[in-house]
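# Mind looking at a prediction? Sequence and model below.
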There are 2 protein chains.
Amino acid sequence: MIIDCHGHYTTVPDEMNDYRNAQLADLANLSRGDVSEKITDDQLRESLEGAQIRLQRERGTDMTIFSPRASAMAHHLGSEKANIYWAEHWNNLIYRICQLYPERFAPVGMLPQFPGVNPKNCIPEIERMVNELGFIGINLNPDPTGGFWTDPPLFDEWWYPVYEKMAELDIPAMVHVSQTKNPAFHFTGTHYLNADLTAFMQFLTSDVLDKFPTLRFIIPHGGGAAPYHWGRYRGLAQDNKWTPVQERIKDQVFFDTCVYHQPGIDLLFKVVPMDNILFGSEMVGAVRGIDPETGFNYDDTKRYVDALGLNDAQRTQVYEGNVRKVFPRFKG
Amino acid sequence: MIIDCHGHYTTVPDEMNDYRNAQLADLANLSRGDVSEKITDDQLRESLEGAQIRLQRERGTDMTIFSPRASAMAHHLGSEKANIYWAEHWNNLIYRICQLYPERFAPVGMLPQFPGVNPKNCIPEIERMVNELGFIGINLNPDPTGGFWTDPPLFDEWWYPVYEKMAELDIPAMVHVSQTKNPAFHFTGTHYLNADLTAFMQFLTSDVLDKFPTLRFIIPHGGGAAPYHWGRYRGLAQDNKWTPVQERIKDQVFFDTCVYHQPGIDLLFKVVPMDNILFGSEMVGAVRGIDPETGFNYDDTKRYVDALGLNDAQRTQVYEGNVRKVFPRFKG
């Protein structure tokens, strides 16, 4: 079985954007509304059949761990209450999609974060997703400020209520930012990757993974800059007497394969233990074109992994086994 | 000749730290003082002979493009005036070192930046450095706020006065941040690398390099995350109809080889045109230990470049030719 650990619902019907725009235009008069209930099953099917599902078939992926569109989370917009409604609607759509296509998609949810608001306010939605809707994980935004990074780092006690709930429910989190309102950062080109490295270093320089020894985090986009600078991180850990990198990430920090060219994937597999790599593509996502150097989509990461010449056990590990280990609630 | 394009004076005598601490403790009563004049030639020699110069000899590097300690710039501290004095003293020390060891060091200066202050205030120091002291380039901090990124991006007109002066004097800038006061970011592990990618994307997404077609920027630390995600950037440029990456960087954006393991250097040379790569090590710098996997210092990047099996013309290009092209004022 080939499981893509990183897919977002980027092809959502326009009604969701209309809902969000109406919310943002009148934050003083919020009502939950019923946008996710009104979108029909046919609309959901239509939005997926020609996109994610077609690409799954073409590329030979069986299953995608599926979550709300990352850019749509936009935790820096709205308000605490607006974002609770917004997350509910998004997560409800993901739930319905996974009910419609249980053999194609497994559900991961977004959190109703808002800058400066204690993330323990996300616990009711986490419990609803996991206990009522069967979600197997969450996406956690390490910078709900949208590029200003003024909320506490991931090692701060600020996040502990979420970690305690994750541990109790035995679910992992993918660390994934959203849009940026800081003009210094292009969102999919800069902010996503910078956030990946930021999270990696927050884990490397702190004891938060020791305090929560069963917690598991996926750092997407191949770990940001970390594997390319693996020697730097091994050396910094050594100089500073931090836990060595390989030991630090063991069983707790994982990178996906969302690296859109062969040399990058080659590097990832050369330096990062295969125990810490999950297959992922983030399709349909940030890069949609065809690479003229290969004739295939940049984000068709399965081709790069296939080209590594892994043996059967290694292929099974990266394409399936590691995902099952990280997401024990996945039963597909 | 083997020229290291990236060295900082990290072994400066303690008097400089004392000066800065005194400045910061009483910003209301600034005086220029004479710290850089009082440090003796013997102190300078002593600080270098056992460190940078010893390592140059051991590693077979002839010359280092030498600039003030990056972490010491700390533009987010001080005040506009304090940082003018601070930059003057630092640049004076670099000048004296290059006078003492003209065959070992060539001078690059720091700018007296301060958050929110128009960088045109740096022009007098740029002119002094280049016209009076023979400096061949500058380090430009794209985030003088120290990790909050609230000053304008590098494509903003805010920076044009500096760019116009750089063009007039035909000097390049290395884009290099300093310490961070944002607890989200570890300074040498996160902020440095994130800044590299941020600058790369600011160039990729804007027309600033077209507006200043003779400007040249070095993005240190192997270009941050950019080469590892080269497919992502080629794809983003293609999807968004930006100038293609290779064309965008041609003659204007360069990466150094401060990547502290062989697989990273292999990747860099595989994806980035050799015209855009300058040898660099940033020693004595962020990572000082010995890699147990190789038995040599992590930052002994010459070993990784030597192991690439370049032919003589390629070696000359990366070790010398490209540096001379980027730094035309270098006559060593």
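Happy to help now that I have it. None of these values were measured; they are calculated from a predicted model.
# centroid residue for chain A?
Central residue of chain A (C-alpha atoms, centre = their mean): A:M174, 4.1 Å from the mean position.
# State the distance from the nearest residue to A:V323 once chain neighbours are set aside to chain B.
Nearest residue to A:V323, sequence neighbours excluded (C-beta to C-beta, 6 or more residues apart in numbering or on different chains): A:I3, at 4.5 Å. For the C-beta atoms, the positions are set from N, CA and C on the backbone; glycine is no exception. Using C-beta to the nearest C-beta, to the nearest Å, A:I3 is found at 22 Å from chain B.
# neighbours of A:I3, just the number please.
Applying other C-beta atoms under 10 Å in any protein chain shown, we find 23 residues neighbouring A:I3.
# my guess is it contacts A:G60, does it?
No - the criterion here is C-beta atoms under 8 Å, and A:I3 misses it with A:G60 at 11.8 Å.
# quick one, what contacts whatever residue of the stretch 101-250 of chain A ends up closest to chain B?
Residue nearest to chain B within the stretch 101-250 of chain A: A:G231 (2.8 Å; C-beta to the nearest C-beta). Contacts for A:G231 (C-beta atoms under 8 Å, 6 or more residues apart in numbering or on different chains) come out as B:259-261, B:264, B:287, B:291, B:298.
# Need the three-state assignment for it.
helix (DSSP: H, G, I helix; E, B strand; the rest coil).
# What about the nearest residue to it once chain neighbours are set aside, how many residues nearby?
Leaving aside its sequence neighbours, A:G231 sits nearest to B:H261 (C-beta to C-beta, 6+ apart; 2.8 Å). B:H261 is flanked by 25 other residues according to other C-beta under 10 Å.
# B:H261 contacts B:Y298, doesn't it?
Yes - with contact defined as C-beta under 8 Å, B:H261 counts as touching B:Y298 (7.2 Å).
# overlap in contacts of the two?
A:231-232, A:234, B:291.
# biggest separation within those, which pair?
A:R232 and B:D291 (10.7 Å; C-beta to C-beta).
# got the residues of the stretch 51-200 of chain A near chain B?
When proximity is defined by C-beta under 8 Å from any C-beta of the partner chain, the stretch 51-200 of chain A lies next to chain B at A:142-143, A:147-150, A:152-153, A:182-186, A:188-190, A:193-194, A:197-198.
# Give the buried residues for stretch A:207-227.
Neighbour counts using 16 or more other C-beta atoms under 10 Å in any protein chain shown place A:208-209, A:212, A:215-227 of stretch A:207-227 among the buried residues.
# ok, longest helix in chain A?
Using DSSP state H, we find that the single longest helix of chain A is helix A:80-100.
# what about the next helix or strand after it, distance to the chain center?
Going down the chain from helix A:80-100, the next helix or strand is strand A:105-109, by DSSP states H and E. Remark: strand A:105-109 is offset 10 Å from the chain centroid, using C-alpha atoms, centre = their mean, to the nearest Å.
# and strand A:105-109, which strands flank it?
Strand pairing for strand A:105-109, using DSSP bridges, gives strand A:63-68 (parallel), strand A:137-140 (parallel).
# Contacts for the shortest one next, please.
Yep, that's strand A:137-140 we're talking about. Residues from elsewhere that reach strand A:137-140, judged by C-beta under 8 Å, 6+ apart: A:65, A:67-68, A:70, A:73, A:108-111, A:126, A:129, A:162, A:166, A:171-176, A:217, A:326-327, A:329.
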